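Could you work out the structure for the sequence below:
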Amino acid sequence: MRSTTASRLIADAAQTLLTLRTQESCSDRYLESLGYELARFTKAFHEKTLADITTPDIAHYLRDAATAGARNTRRKHLVKLFSFGLRNKWVKENPAKEVSRLREKFDIETLNRVGRRGWFAATTTPCPPLPLIEPDGRISRIRLSEAVLRFASFALPCGA
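Residues are numbered from 1 along each chain as shown. Now for the predicted structure:
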C-alpha cells in the first residue's frame, strides 16, 4: 500500500491540477471542460479532502449526467484528478477508476433530447478521419461527426 502525505482539500487539488495543465499548454477546450468539471466536483464536496472521497461517492455524483458520453467525460476528468492526487501522495488509491464507464446507446429519444450536435459531442469513440473529395478536386480528411453535420442538410432523393 502506498504511503500518503496529508491529503489536500478538493478545491486546492483541483486548482493545482488546473494550473499545471494550463502551464502544459493544453487546449482551451480541454481546459474549459476540465475546469468546469472540477468546479462542479468542488462545489459538491466543498469541505472534503481527496482522501475522504469513496467510489460510491463518485458513482452517486455521476448519476445526474445527461448522457452516457457526458458521464464518461466527467468520470475521465475525475480519474485525472485522483491520479494527480496519487502522484502527489494525497490519496492511497484512485476511487474514480473503480466507477465503470457506461456504454453509449444512441437512439431517437437521445438524439431529440440532446440535439444532433450534442449527440456527436457526446460520442467518445474516436473514428479515424474519412477521405473527402472537395469540390475543387482536392482530397482532404474529415471526421465522421463533421461529415454528418456538414452534409445533414442534403435531402436524399425518393427511393434512395
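
CA atoms for contacts and neighbours, from now on please.
Will do.

how about stretch 79-99: buried residues?
The neighbour-count check on stretch 79-99 (16 or more other CA atoms under 10 Å) flags 79-86, 89-97, 99 as buried.

hang on, Gly35 packs against Thr16?
No - between Gly35 and Thr16 there is no contact under CA atoms under 8 Å: 11.1 Å.

Of those two, give the one with the bigger neighbour count.
Neighbour tally, Gly35 and Thr16, criterion other CA atoms under 10 Å: the higher count belongs to Gly35, 18 against 14.

Let me see the contact set for the more buried one.
Leu18 (CA atoms under 8 Å, 6 or more residues apart in numbering).

got it, and Ala65?
Taking CA under 8 Å, 6+ apart, we find Ala65 in contact with Arg71.

So it, which state does it fall into?
Following DSSP: H, G, I helix; E, B strand; the rest coil, Ala65 is assigned to coil.

For it, give me the backbone phi and psi.
Ala65 adopts backbone torsions of phi -60, psi 140, taken as degrees, to the nearest 10.

how many neighbours does Arg74 have?
Residues lying near Arg74 (other CA under 10 Å) number 21.

and the host helix or strand of Leu86, what does it pack onto?
Taking DSSP states H and E as the criterion, Leu86 maps to helix 68-87. Contact here means 3 or more CA pairs under 8 Å, 6 or more residues apart in numbering; DSSP states H and E; on that basis helix 68-87 packs against helix 10-23, helix 28-44, helix 55-62, helix 108-122.

Please point out which parts of stretch 65-73 sit buried.
Thr67, Ala68, Gly69, Ala70, Arg71, Asn72, Thr73.

how about those, which pair is most distant?
Spanning the widest gap among these are Thr67 and Thr73, at 9.9 Å by CA to CA.

Convert the C-alpha atoms of the helix holding Leu86 to CSV, please.
Only the C-alpha atoms of helix 68-87 are listed here, as CSV (Å, rounded to 0.1, in the frame of the first residue of the first chain):
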residue,chain,number,x,y,z
ALA,A,68,-23.5,8.2,-21.1
GLY,A,69,-20.9,10.2,-23.0
ALA,A,70,-21.2,13.2,-20.6
ARG,A,71,-20.9,10.8,-17.7
ASN,A,72,-17.9,9.2,-19.2
THR,A,73,-16.2,12.5,-19.8
ARG,A,74,-16.9,13.7,-16.3
ARG,A,75,-15.5,10.4,-14.9
LYS,A,76,-12.4,10.8,-17.1
HIS,A,77,-11.7,14.2,-15.5
LEU,A,78,-12.2,12.8,-12.0
VAL,A,79,-9.8,9.9,-12.8
LYS,A,80,-7.2,12.5,-13.8
LEU,A,81,-7.8,14.5,-10.6
PHE,A,82,-7.3,11.4,-8.4
SER,A,83,-4.3,10.1,-10.5
PHE,A,84,-2.8,13.5,-9.8
GLY,A,85,-3.5,13.0,-6.1
LEU,A,86,-1.8,9.6,-6.3
ARG,A,87,1.3,11.1,-7.8
